[in-house]
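[1] Quick one: sequence and predicted model below, then my questions.
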Amino acid sequence: MKMPEVIGSQLFAPCGMNCMVCFTHCSTKKACGGCLGTDESKPGHCRTCLRKNCAAEREISYCYECSDFPCRRIRDLDRSYRKRYGVSLIEQSLFVKENGIELFMENERKRYTCAACGGVISLHDHRCSECGRVTSE
């Protein structure tokens, strides 16, 4: 899949993840509307996500809107993402809270667009969805 000119805000997950650069989103042939989209096209683990469902139960869109942020679930996920992928979901959430989703997604689009072909580079394995090139990031 080619990186779109604009990454829609529906692809910003409640936990602070950019669904556009998710390995599952990049590698699937079935279009996924992201965490805030309908469940019909989502992988099973996304439909049953505890953080997404918690936000929905609390009637908020994003975990950073919660008075308990960052809760244990978010801290645990953040720790895993920092260790495995070098990304802090808490920092990303706070950036969005302060600067807006549009600026965050524009920064992400620049960061995760393959220089060789314009495809989407997965955060999880650094592989381009179009040409298969692996980046060093």
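    Perfect, I can see it now.

[2] What pLDDT is listed against the most far-flung residue of the chain relative to its centre?
    Distance from the centre of the chain peaks at Ala116, with 22.3 Å (CA atoms, centre = their mean). You'll see Ala116 listed with a pLDDT of 94.

[3] Bridging across strands, which residues link to the residue nearest the centre of the chain?
    Centroid-nearest residue in the chain: Asn18, 1.9 Å away (criterion: CA atoms, centre = their mean). Judged by DSSP bridges, the bridge partners of Asn18 are Phe12.

[4] contacting residues for Cys117?
    Shown in contact with Cys117 (CB atoms under 8 Å, 6 or more residues apart in numbering): Lys2, Cys128, Glu130, Cys131, Arg133. Yep, even glycine has a C-beta here, placed from its N, CA and C like the rest.

[5] swap in Pro70?
    Taking CB under 8 Å, 6+ apart as the criterion, Pro70 is in contact with Cys63, Asp78, Ile90, Ser93.
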